[in-house]
Every structure is written in C-alpha cells, then in structure tokens.
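Enquirer: what's the 3D shape of this:
(one chain, ligands or ions: 1)
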Amino acid sequence: MPALADLLDVQDLDLQLDRLRNERQSLPELERYKELHTELTSTEKLLGIQRDELRQLELDTDKADGELSILESRLEETEKRLFSGGMSARETENLRIQVAQIRAQKGSAEELVLGLLEKLDPARETVGDTERGMEALEAEKTEIETQIKTDWKRIDAEMARKQGRRDEAVAPVPADLVELYEKLRMSKQGVAIAALGHGVCGGCRLSLSAAEQSEVAASDPPRCVHCRRLLVV
Ligand SMILES: [Zn+2]
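Expert: Okay, here's the model as predicted:
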C-alpha cells in the first residue's frame, strides 16, 4: 500500500517537527531569561528603596547643615555683643549664659552633621553597587534575548522546511487515513504507524505470530494486533 509508506514518511517528518517544537520551547537560555527577569525585578525594587534612603539622608544632611549655619551666625553675633561691652553686669551675665547655650547647641548640631556625613558615602556606594549590578543583569538579558532570537530563527526556518516536505508527503494519502493517523499519534506518543520487520511491530516491539501477520496483511488498513498502530507490511 503506497499510501501507508507515504504516511511513514509523514510520521518521520512529524516526529522531527515535534523535536524542533520541543527544542524551541526548552532552550536552556529561556530558563536563564526567566531567572534574569525575576532578578531584575527584585533588584529594581531594592534600588528604589536604596535611592529613597539616600535622598532622605541628603535632605537630612542639608537640613542639619542649615541649622548649624544659623547657630554659627547666632553665636558670632552674640559673642560680638558680649565683647563690645557697655552693658550692665546682669546683661553681660545673661549674654554669657546665651553664648554657652548656643555653643552647646552648635556642638550637638556638628555631631549630627558629622554622623550624617559618615552615612552618606556608604549609602552612595550601596546605590552605585546596585546600579552596576542592574546594568550587568540587563546586559546579560539583552545577550540572552539575542541568543534566543537567533536560535528561534534557525529552528523556525528548519520547521518551515520540514513542514513543506510534510505537506508534500501527506498530499497523496487519503483523508480518512490521515484522520486515523492523527488520532493515533495523539494517543500513542506521536508514533501512529510502524513497519513490521521480521514479525516484530516497530511501534510496540512485540512479535506477531505467522497467523497474526496474515490477519494483519489481510485487513485494511493493516494494524498491529497488540498496540493497534498502523503497520507497513
Ligand atoms: Zn504494535
């Protein structure tokens, strides 16, 4: 039966197409691409938090700096008034107390500014590190994207070629036989038709007795008595 032999060619091409389809969906780069996407999402979130922290630190530093400047000029003014003299002993004493208070406030303000400045550099470094990390992840993602696109292009071209050959091979096969073939392929792991060689079914690898072989050869279409696959006798 020439139609069955054609169908064997169709199946060979279908199996090759199955493999290509599977290869397309399970490229190792796809797994890494997904990982990178997850890593990038979490790094972006982290970077947002770190940038907010840095911005807040910069604002706090500016504010503390401003407060320190005010205290410095107030101290200068108060000291000038104190040193210019011409006041009563009581006024002088009051000013002396004020100077001491402002000095103490200035001391605390300086400590605050220094403390903030000490935090500023590490915070900037942290943001820089995360930014560089993100750039590296993005570069790898772009590289992998290119790799995936190249692989897909190659696989798609190969599939198109095979599909063309498959269409040619299936053309002479009667429609009802093709329908049976498609149904069997779904239930038999892609193998719907096999050759019978030396009394063994190429699909299920089981032997057929001489009587079974004659029975198969007489039926239309011939099918394995064990696995019910189509058989090319
Ligand atoms: Zn069989």
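
Enquirer: since we're on Gly48, how many residues are nearby?
Expert: 11 (other C-beta atoms under 10 Å). From N, CA and C alone the C-beta is placed, and that goes for glycine too.

Enquirer: what's the helix or strand for it?
Expert: Using DSSP states H and E, Gly48 falls within helix 28-84.

Enquirer: Now find how far off-centre that helix is within its chain.
Expert: 31 Å (C-alpha atoms, centre = their mean, to the nearest Å).

Enquirer: Just after it, pick out the following helix or strand.
Expert: Per DSSP H and E, the first helix or strand lying C-terminal to helix 28-84 is helix 89-170.

Enquirer: what's the following helix or strand after that next one?
Expert: The first helix or strand that comes after helix 89-170 along the chain, using DSSP H and E, is helix 175-187.

Enquirer: CA-only coordinates of the next helix-or-strand element following that next one in PDB, if you can.
Expert: Next helix or strand after helix 175-187 toward the C-terminus (DSSP H and E): strand 193-197. In PDB, the C-alpha atoms belonging to strand 193-197 read as follows (Å, rounded to 0.1, in the frame of the first residue of the first chain):
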ATOM      1  CA  ILE A 193       2.500   4.000  12.200                       C
ATOM      2  CA  ALA A 194       5.300   1.500  12.200                       C
ATOM      3  CA  ALA A 195       7.000  -1.000   9.900                       C
ATOM      4  CA  LEU A 196       6.600  -4.700  10.500                       C
ATOM      5  CA  GLY A 197      10.100  -6.200  10.300                       C
END
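
Enquirer: and strand 193-197 with the ion, contact?
Expert: No - Strand 193-197 lies out of reach of the ion by C-beta under 5 Å from the ion, never closer than 6.5 Å.

Enquirer: List the contacts of whichever helix or strand comes after that strand.
Expert: Next helix or strand after strand 193-197 toward the C-terminus (DSSP H and E): strand 200-201. By C-beta atoms under 8 Å, 6 or more residues apart in numbering, the surrounding residues in contact with strand 200-201 are Ala194, Leu206, Ser207, Leu208, Cys224, His226, Cys227, Arg229, Leu231.

Enquirer: and strand 200-201 with the ion, contact?
Expert: Yes - shown here: strand 200-201 in contact with the ion (C-beta under 5 Å from the ion) through Cys201.

Enquirer: from the chain's centre, how far out does that strand sit?
Expert: Its chain's C-alpha centre and that of strand 200-201 lie 46 Å apart, by C-alpha atoms, centre = their mean.

Enquirer: Kindly report the same for stretch 152-160.
Expert: The chain centre lies 23 Å from the centre of stretch 152-160; the measure is C-alpha atoms, centre = their mean.

Enquirer: Thank you, goodbye.
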